[in-house]
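Peer 1: Okay, predicted coordinates and the sequence, questions at the end:
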Amino acid sequence: MTTIERRRLGRTDMTVSVLGFGGSEIGYQQVSARTVTRLLGSALDAGLNVIDTAECYADSETLIGRAVGARRRDVYLFTKCGHAGGWSRPDWRPPLLLASIERSLRRLATDHLDLVQLHSCSLAELRKGDVIAALERARERGWTRYIGYSGDAEAARYAVECGRFDTLQTSVSIADQDAVARTLPLARARRMGVIAKRPLANVAWTYARKPAEPYYQTYWSRLRRLDYDFLKDEPGDAVGTALRFTLGIPGIHTAIVGTTKPERWQENAALLAAGPLPRAELARIRARWHEVADPSWVGQV
């Protein structure tokens, strides 16, 4: 079994594994409860202690709640709210946010969550303040220990600046480096916990042609222009470099990786055994980004 490093999540009292499990794929791809139990069981045995999901990821919360079961104390459960009716139907009314969090507690079979995050809430909604106040009420009621924001660009910057969130979840990868300068230095200065989403850029470089699925297209197009040499390496080596790049960015505490395959988490964990990405290599990836990236290349929600 491969064991992995842990880091203190900012100013929280959570010491988290540098690899976390993302629950979107198991929900959207209708993975069986038996497979999810195998997947999470092996991951927890190897030291993973972060599971991140959302109320809109189909049956993800329910599958996770059943799989974790008696091992609830071994894991930190993170979820998100704001899209209870589905990703295309956001609803930021505070009573619905609170109802969604209550539903997440039932689905995840727990009496409290470790982190509840606003799920890509717009800058305009954040500035009104009602949505943040709703999460603060959930925290006061003991439904969650900490509150966070999941999103990118100027909304993420505001979430850091307002000082009301404990954590920030934002896109950071070889194809998505806007946050490295825009939000991470300030988040680090304020000792916020930082969770990297999409740390492998959806592994979009593995497609020979532009994917039909829009979810992959932006990163595929960016990576074609960035044309990193290491992406021509063996697939496992390329994935390892990409993952070690994300975890090598100062201020990042954990990277959320989703999968439907029980063996994949162990494979990703093993890639970190090589240790931190050499500073020179990290600098080359950053330099290539500065050389090629268009100003429109903001973080991908």
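Peer 2: Arrived safely, thanks for sending.
Peer 1: what helix or strand does residue 188 sit in?
Peer 2: Element membership of residue 188 [criterion: DSSP states H and E] is helix 184-189.
Peer 1: Show me what that helix is packed up against.
Peer 2: helix 153-161, strand 193-197 (3 or more CB pairs under 8 Å, 6 or more residues apart in numbering; DSSP states H and E). In short, each C-beta sits where N, CA and C put it, glycine included.
Peer 1: Next, the buried residues of it.
Peer 2: 184, 187, 188 (16 or more other CB atoms under 10 Å).
Peer 1: quick one: the residue nearest the centre of the chain from residue 129, how far?
Peer 2: With distances taken as CA atoms, centre = their mean, residue 197 lies nearest the centre of the chain, 3.1 Å away. For residue 197, the distance to residue 129 equals 24 Å [CB to CB, to the nearest Å].
Peer 1: Would you map the helices across the stretch 1-150 of the chain?
Peer 2: Ranges of helices in the stretch 1-150 of the chain, per DSSP state H, counting those that start in this stretch, are 24-28, 33-45, 60-68, 94-107, 123-128, 130-140.
Peer 1: any chance of those helices in CSV, plus distance to residue 15?
Peer 2: Putting the helices of the stretch 1-150 of the chain into CSV (distance: least, CB to CB, whole Å) gives the following:
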stretch, distance to residue 15
helix 24-28, 25
helix 33-45, 15
helix 60-68, 18
helix 94-107, 23
helix 123-128, 29
helix 130-140, 20
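Peer 1: Go through those helices and pick out the most buried.
Peer 2: helix 60-68 (a mean of 23; mean count of other CB atoms under 10 Å).
Peer 1: Remind me what that helix packs against, helices and strands.
Peer 2: Helix 60-68 packs on helix 24-28, helix 33-45, strand 76-81, helix 94-107, going by 3+ CB pairs under 8 Å, 6+ apart.
Peer 1: mind checking pLDDT for residue 35?
Peer 2: pLDDT recorded at residue 35 is 95.
Peer 1: Residue 2 now?
Peer 2: 58.
Peer 1: Could you check how many residues crowd around residue 112?
Peer 2: 16 (other CB atoms under 10 Å).
Peer 1: Let's have the helices and strands packed on helix 60-68 in JSON lines, adding distance to residue 234.
Peer 2: Formatted as JSON lines, the helices and strands packed on helix 60-68 follow (distance: least, CB to CB, whole Å):
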{"stretch": "helix 24-28", "distance to residue 234": "24"}
{"stretch": "helix 33-45", "distance to residue 234": "24"}
{"stretch": "strand 76-81", "distance to residue 234": "32"}
{"stretch": "helix 94-107", "distance to residue 234": "39"}
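Peer 1: Out of the ones you listed, which is closest to residue 273?
Peer 2: Closest of the helices and strands packed on helix 60-68 to residue 273 is helix 33-45, at 15.9 Å (criterion: CB to CB).
Peer 1: quick one: contacts of the closest one?
Peer 2: 1, 21, 26, 31, 51, 63-64, 66-68, 71, 74-75, 259-262, 265-266 (CB atoms under 8 Å, 6 or more residues apart in numbering).
Peer 1: The residue nearest to the centre of the chain touches residue 170, doesn't it?
Peer 2: Yes: using CB atoms under 8 Å, residue 197 is in contact with residue 170, at 6.7 Å.
Peer 1: any residues in contact with both of the two?
Peer 2: In contact with both residue 197 and residue 170: residue 150, using CB under 8 Å, 6+ apart.
Peer 1: returning to what we had before: for residue 119, see how far away the residue nearest to the centre of the chain is.
Peer 2: Applying CB to CB to residue 197 and residue 119 gives a distance of 11 Å.
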